[in-house]
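A.B. asks: only geometry, no sequence info:
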């Protein structure tokens, strides 16, 4: 067997060595149904294989997975009429601490790939004001979301906001508010995946 070299990694989904996206897991992802999400346009459900690969992308620096995720989200976006009116793509920024620790902002990485695939300019419009992050917080605290502000816009434009995972939707709603307050004409939210809805209490 030929060596894959120094730049290979072990796939978080199946354990195989891969240089780029694992074809075995990519074929499985292609069969995943698109979930319903009221807070954003999403491509995948954040569980099982998708969750494993997303965690590897975010925490193990498996950045080649960004292409897999971006391709899936773009395929969904191209089916929506709203995408034809988008003027600029932006993202929900992570904290400075997270960006330094991971070596990149995963939402920015996705947004820049998506903008390139759609042929739409990508700009940093959102600024994070909340200190800390959402990971590990209870659902009740996540519902509060984070505080964001947006750069002022000289002319009303339609903005596509990209994030990696939607949980309660509070962060996306904060992004929408900030962008509208800054002068956006329309805001479309999109994410690679959304967490499954919590089971109803009995």
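C.D. replies: That came in fine, so what should we check first? Keep in mind the model is a prediction, meaning the values are calculated, not measured.

A.B. asks: for the spatially most central residue of the chain, which three-state class applies?
C.D. replies: By CA atoms, centre = their mean, the chain has its centre lying nearest to residue 164, at 2.0 Å. Three-state assignment for residue 164 (DSSP: H, G, I helix; E, B strand; the rest coil): strand.

A.B. asks: local confidence estimate at it?
C.D. replies: At residue 164, the model reports a pLDDT of 96.

A.B. asks: which intervals of this structure have sub-threshold pLDDT?
C.D. replies: Where the chain drops to pLDDT under 70, the residues are 1-7, 130-145, 198-202.

A.B. asks: right, and the residue nearest to the centre of the chain touches residue 192 too?
C.D. replies: Yes. Taking CB atoms under 8 Å as the definition, residue 164 is a contact partner of residue 192 at 5.4 Å. The C-beta positions use only the backbone N, C-alpha and C, and glycine is treated the same way.

A.B. asks: can you pull out the strands in this structure?
C.D. replies: Remark: strands assigned in the chain by DSSP state E are 9-10, 17-18, 41-45, 88-91, 126-128, 148-150, 158-166, 186-194.

A.B. asks: nearest to residue 56, of those?
C.D. replies: Ranking those by proximity to residue 56 (CB to CB) places strand 9-10 first, at 8.2 Å.

A.B. asks: quick revisit: can you redo the strands of the chain as CSV with distance to residue 61?
C.D. replies: Listed next are the strands of the chain as CSV, based on distance: least, CB to CB, whole Å:
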stretch, distance to residue 61
strand 9-10, 8
strand 17-18, 14
strand 41-45, 21
strand 88-91, 18
strand 126-128, 21
strand 148-150, 26
strand 158-166, 14
strand 186-194, 17
